[in-house]
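Asker: quick one: sequence plus predicted model below, questions after.
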Amino acid sequence: MEKKIKLKWLIGGLGLVIMVLGISLFLSWRQRDLPVEHDSKKAVDLPASKEAEEKHGKPVGEGAFFVEKGCFTCHEVSSLGVKSLTKAGPDLANAYVDVQSRFGKTLEEFFASPTGTMAIILSEQIKLTEAEKQEVIEKLKLAYQKKLKEENQVGAHDDGKD
Ligand code: HEC
């Protein structure tokens with residue numbers, strides 16, 4: 001008889017402990033959940049390109065075009081902070097001079113009639129409007145200027161005063 005009562009108390013006590021633990025766990029989970037909810041609301045407000053930027057490191061600003069259009073799948077644009085998933089193509093920070101030396105074309109000519117891999121990509125995968133082509137050309141010139149500036153800054157620092 002006495003044994004049975006003790007068992008009852010033991011089981012009841014254990015149940016209580018588990019309940020208290022469960023409630024406190026639930027409460028702490030809810031508290032931790034609050035700021036997350038707030039963040040996810042912010043993320044919903046962001047445009048798609050910003051989300052893509054966040055996934056691939058730092059915000060790209062002037063390089064956003066290359067992320068939006070999907071160029072970053074294969075190309076980095078180092079001077080604009082665009083990182084590539086695969087680096088299948090060359091760094092577009094050099095394109096302004098590289099296209100001229102490799103294909104004998106200016107950027108304007110290259111996007112009017114692309115050569116090699118980009119001929120296929122620009123006719124099938126990523127179609128650019130005339131306005132977008134102009135935008136790419138301007139962004140690529142800017143990317144090269146920025147790259148030169150960065151290099152000059154490094155150079156000036158190395159040289160010091162003579
Ligand atoms: C599926 C991969 C892929 C995508 C996406 C892609 N490219 Fe390319 N791109 C390449 C490859 C590979 C080359 C090198 C082609 C060659 O040597 O013939 C290249 C070359 C280029 C070149 C010449 C660069 C140089 O230095 O000679 C330019 C400019 C260029 N791409 C621009 C773009 C732009 C702008 C976009 C987005 C609208 C884009 N590419 C999207 C793969 C890609």
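Answerer: Good, I have the coordinates.
Asker: residues touching residue 147, list them.
Answerer: Neighbouring residues of residue 147 by Cβ atoms under 8 Å, 6 or more residues apart in numbering: 78, 79, 93, 94. (Each C-beta comes from the backbone N, C-alpha and C, glycine too.)
Asker: could you dump the residues you listed to a markdown table with neighbour count and pLDDT?
Answerer: Shown next, in a markdown table, are the contacts of residue 147 (neighbours: other Cβ atoms under 10 Å; pLDDT from 0 to 100):
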| residue | neighbour count | pLDDT |
| --- | --- | --- |
| 78 | 18 | 96 |
| 79 | 22 | 96 |
| 93 | 24 | 98 |
| 94 | 18 | 97 |
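Asker: the residues you listed: which ones sit near the ligand?
Answerer: Within the set of the contacts of residue 147, contact with the ligand (Cβ under 6 Å from any ligand atom) is found for residue 94.
Asker: what's the closest of the contacts of residue 147 to the ligand?
Answerer: residue 94 (5.4 Å; Cβ to the nearest ligand atom).
Asker: which residues sit in contact with the closest one?
Answerer: 144, 147.
Asker: what's the answer for the one 5 residues further on, then?
Answerer: Contacts for residue 99 were tallied using Cβ under 8 Å, 6+ apart; they are 105, 106, 107, 110.
Asker: tell me the spatial nearest neighbour of it, not counting adjacent residues.
Answerer: Counting by Cβ to Cβ, 6 or more residues apart in numbering, residue 110 is the residue found nearest to residue 99 once chain neighbours are left out, at 4.8 Å.
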